[in-house]
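K.L.:
kindly return the folded structure for what I paste below:
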Amino acid sequence: MLLVSYTGEPLEAGLDEAGRGCLAGPVFAAAVILPPDFTSEFLHDSKQLTARRRELVRTEICREAVAWAVAEASVAEITNLNIAQASYLAMHRAVAQLLLQPTHLLVDGNRFRAHPALPHTCIVGGDGLYRNIAAASVLAKTFRDDRMRELDALYPAYGWAQNAAYPTVAHRAAIRVHGPTEHHRMSFRLL
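P.N.:
Numbers count the residues shown, from 1 in each chain. Just a heads-up that it's a prediction; the model follows:
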């Protein structure tokens, strides 16, 4: 069972990102403040859920969260900053879009660029431990998957609707045959 929060503060926001290891597309991040009594049968780290369950949980989070926001950093920002800094930028953007200012940020992972106005705690594997991080994980993943399906409609050869631009054998084979698109992260090792 996932823990309600790290600090016990009602406005603690969970933060997570999606798409860091992908070869194409933006990196997404989400910030979520859940009510203390939030329950969901399937809420967990998004990587542990089927696509169908992620969508069910996303609906519950968007309907019942105290506040939530999703933001991204572009391929150009990933190239200019590096993927870690672009992930932090997306997280900061998500926090800035929240309708309520959180009192604490609970971040999945072991590193974070400190927010200028808010304390934070990093938790390795936090998306499998805390509800608010798991919720952020689900939103970041599902919103990014939506974007990759949109891009797949424009570039169907790469299979982004299925592989979300992760470095699968099929994705790399498509890059070999068709070359990279403007959405590929040229600062990454594509082949």
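
K.L.:
all helices for this structure, in order.
P.N.:
Secondary structure of the chain by DSSP state H: the helices cover 51-64, 75-81, 83-97, 131-154, 160-163, 169-178.

K.L.:
packed most tightly, which of those would that be?
P.N.:
Ranked by mean neighbour count, the helices of the chain are led by helix 131-154 with a mean of 23 (mean count of other CB atoms under 10 Å). (C-beta placed from N, C-alpha, C; glycine too.)

K.L.:
between that helix and helix 51-64, how big is the angle?
P.N.:
Angle, helix 131-154 to helix 51-64, by axes from the mean of the first three to the mean of the last three CA atoms, to 10 degrees: 120 degrees.

K.L.:
still on that earlier bit, of all the helices of the chain, which one is nearest residue 33?
P.N.:
helix 131-154 (6.7 Å; CB to CB).

K.L.:
helices or strands up against the closest one?
P.N.:
If contacts are counted by 3 or more CB pairs under 8 Å, 6 or more residues apart in numbering; DSSP states H and E, helix 131-154 sits against strand 12-18, strand 27-33, helix 51-64, strand 67-73, strand 104-108, helix 160-163.

K.L.:
how about those, which one is nearest residue 98?
P.N.:
Nearest of these (CB to CB): strand 67-73, 4.6 Å.

K.L.:
quick one: strands adjacent to the closest one?
P.N.:
Within its sheet, strand 67-73 is paired with strand 27-33 (antiparallel), according to DSSP bridges.

K.L.:
Serialize the helices of the chain to JSON lines and add fields for distance to residue 39 and mean pLDDT.
P.N.:
Compiled in JSON lines, these are given as follows (distance: least, CB to CB, whole Å; pLDDT from 0 to 100):
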{"stretch": "helix 51-64", "distance to residue 39": "9", "mean pLDDT": "97"}
{"stretch": "helix 75-81", "distance to residue 39": "36", "mean pLDDT": "98"}
{"stretch": "helix 83-97", "distance to residue 39": "23", "mean pLDDT": "98"}
{"stretch": "helix 131-154", "distance to residue 39": "9", "mean pLDDT": "98"}
{"stretch": "helix 160-163", "distance to residue 39": "31", "mean pLDDT": "97"}
{"stretch": "helix 169-178", "distance to residue 39": "37", "mean pLDDT": "98"}
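
K.L.:
residue 119 reaches residue 102, doesn't it?
P.N.:
No: assessed by CB atoms under 8 Å, residue 119 is found out of contact with residue 102, at 9.7 Å.

K.L.:
no further questions, thank you.
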